[in-house]
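Colleague: I'd like to go over a predicted model; first the sequence, then the structure.
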Amino acid sequence: MDKYLNKILSGDCIDVMRGIPDASVDAVFADSPYNLQLGAKTLYRPEDQTAARAVRDEWDSFADSKEYDEFTRRWVAECKRVLKPDGSFWTIGSYHNIFRIGAILQDLGFWILNDIVWVKTNPMPNFRGTRFTNAHETLIWATPRKTGKYTFNYETMKKLNGGKQMRSDWGINICLGEERIKDANGKSLHNTQKPLDLLRRVILASTKPGDIILDPFVGSGTTAAAARELGRNFIAIDREESYVSAARERVANVTPIDLSDIEVSAPKRAEPRVAFRELIDAGLLYVGQTLVGPRGDRVMISHDGQLVHTLYGKASIHVMAARIQNCVSFNGWDYWSAQKRDGTLVPIDELRKYVRDIKRDMKQAA
């Protein structure tokens, strides 16, 4: 693997990937050709009649959809071979190609986890005014098998989203200004260069430090740059020498960043389990104490560790929170706060953390 690891390799991605060992990479991000089929006609901006940027490169030219599908099936199959069974596969596209790729992924046995809508907060306008402005692209997140134990850094995503669950619509600017990699003439080198913020989020969501990320169409090097910045390894491939040269220079100038304030190292599910009753046994809560919900709902702790409500009866902290909100399920640790004798409130999850710390200290001492 040494000849591939943290290298930007020149060549056809299928040929290069054939040399990578089976099940050796942790994640794939593929920004493959979109098959836009734009032809030779140039679009002009109405305000000044300057030519608009569009994808007419040779690498995006296919005779027809059949040829495009055959090409897609070959590179996806090779990615699946080198991807670990519990790895993550990401691909991105527009309406021209993403549905075709999605069908091929399912044909090859991938299990689709999410489709993510990248909402372009500053999209290019529709110059002709004949359609809606194309203001988004779609990412597909999949894993090679339905039973795969893929990485999902839920707590990190929640932290990045201001303490709320990360949704599947991501508002991120398109790549403009200084972030754009330029050619010798000062023009954009790659027509579909993706913003670093998009790749940062993909990598932080589905990989761990030290993981290997493969990008078979690395273009101007965004995936490799983000991987280096975030303490991941990469294997990057492109057949266009101008892209390879620019990507190598770009990555060489990347400085890794301190992730201590970004990543949540251990998900809550990996922490020691604490039953609600343990908080009572530890003296942090007491029978008859009032718990209060965010909307002012009040319940009382029963002698058996259940909660009692005047309308909703008796139930666990989770079931009671769900009943009050009229939903199927809810995490009661995130819902209830305990009312202390002086009237102040403390989240019960804070009390659970205290018990966890005690358990962790006792385990280390043993």
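Modeller: Yep, that arrived.

Colleague: those strands in the chain, which residues are they?
Modeller: 7-10, 25-30, 83-93, 111-120, 136-143, 169-172, 212-215, 233-238, 290-292, 298-301, 307-309, 313-315, 337-339, 345-347 (DSSP state E).

Colleague: could these be laid out in TSV, adding mean neighbour count, mean pLDDT and distance to T255?
Modeller: Any C-beta I mention is one placed from the backbone N, CA and C, and that applies to glycine too. Formatted as TSV, the strands of the chain follow (neighbours: other C-beta atoms under 10 Å; pLDDT from 0 to 100; distance: least, C-beta to C-beta, whole Å):
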stretch	mean neighbour count	mean pLDDT	distance to T255
strand 7-10	18	96	17
strand 25-30	26	98	21
strand 83-93	22	97	24
strand 111-120	16	96	26
strand 136-143	21	97	27
strand 169-172	14	95	22
strand 212-215	27	98	18
strand 233-238	26	97	16
strand 290-292	18	96	47
strand 298-301	18	96	51
strand 307-309	20	96	51
strand 313-315	15	95	52
strand 337-339	18	93	42
strand 345-347	13	94	38
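
Colleague: ok, now which ones touch V264?
Modeller: For V264, the contact set (C-beta atoms under 8 Å, 6 or more residues apart in numbering) comprises N153, E155, T156, K158, K159.

Colleague: filter the residues you listed to the buried ones?
Modeller: Buried members of the contacts of V264, counted by 16 or more other C-beta atoms under 10 Å: N153, E155, T156, K159.

Colleague: pretty sure the third one is in contact with L204, am I right?
Modeller: Put plainly, it is T156. Yes - using C-beta atoms under 8 Å, T156 is in contact with L204, at 5.5 Å.

Colleague: Could you name every residue contacting both of these two?
Modeller: I262, E263.

Colleague: Which one of the buried ones among the contacts of V264 is nearest to R180?
Modeller: T156 (27.8 Å; C-beta to C-beta).

Colleague: contacting residues around that closest one?
Modeller: Counted by C-beta under 8 Å, 6+ apart, T156 has contacts L204, A205, I262, E263, V264.

Colleague: what does N97 give?
Modeller: So N97 contacts S32, P33, Y34, N35, Y68, T72 (C-beta under 8 Å, 6+ apart).

Colleague: wouldn't the first one be in contact with T72 here?
Modeller: Yep, that's S32 we're talking about. Yes - counting by C-beta under 8 Å, T72 is a contact partner of S32 at 6.8 Å.

Colleague: Which one's more surrounded, those two?
Modeller: Set S32 next to T72 and count neighbours by other C-beta atoms under 10 Å: T72 wins out with 23 against 20.

Colleague: Give me the residue ranges of the stretch 101-250 of the chain where confidence is low.
Modeller: 127 (pLDDT under 70).

Colleague: How is this protein partitioned into domains?
Modeller: 7-252, 271-365 (automatic domain parsing).

Colleague: Throw these into JSON lines and include distance to D258, thanks.
Modeller: Output for these, formatted as JSON lines (distance: least, C-beta to C-beta, whole Å):
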{"stretch": "domain 7-252", "distance to D258": "10"}
{"stretch": "domain 271-365", "distance to D258": "23"}
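
Colleague: beta partners of K120?
Modeller: Here K120 sits in beta bridges with I172, going by DSSP bridges.

Colleague: gap between it and D31?
Modeller: Per C-beta to C-beta, to the nearest Å, K120 is found 15 Å from D31.

Colleague: can you tell me which residues contact A142?
Modeller: Listed by C-beta under 8 Å, 6+ apart, the contact partners of A142 are S88, F89, W90, L105, F110, W111, I112, L113.

Colleague: try 6 Å this time
Modeller: F89, L105, F110, I112, L113 (C-beta atoms under 6 Å, 6 or more residues apart in numbering).

Colleague: and if you look at A227?
Modeller: I213, F234.

Colleague: before we move on, what about the one 5 residues further on?
Modeller: R232 makes contact with T207, D211, I213 under the criterion C-beta under 6 Å, 6+ apart.

Colleague: about what we covered before: would you mind listing the two of the contacts of N97 that lie farthest apart?
Modeller: Y34 and T72 (11.1 Å).

Colleague: List the buried residues for stretch 277-288?
Modeller: Neighbour count says stretch 277-288 has E278, L279, I280, L284, L285 buried, by 16+ other C-beta under 10 Å.

Colleague: How far does it stretch from one end to the other?
Modeller: Stretch 277-288 has an end-to-end distance of 13 Å (criterion: C-alpha to C-alpha, to the nearest Å).

Colleague: contact partners of that stretch?
Modeller: I301, H303, G305, A338, L351, V355.

Colleague: can I assume the fourth one is in contact with V346?
Modeller: Yes - with the criterion set as C-beta atoms under 6 Å, A338 and V346 qualify as a contacting pair; they are 5.4 Å apart.

Colleague: picking up where we left off before, which ones among the buried ones among the contacts of V264 are found in helices?
Modeller: Taking DSSP state H as the definition of helices, the buried ones among the contacts of V264 contribute E155, T156, K159.

Colleague: Mind putting these into JSON lines with distance to R18?
Modeller: Below are these laid out as JSON lines (distance: C-beta to C-beta, whole Å):
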{"residue": "E155", "distance to R18": "38"}
{"residue": "T156", "distance to R18": "34"}
{"residue": "K159", "distance to R18": "39"}
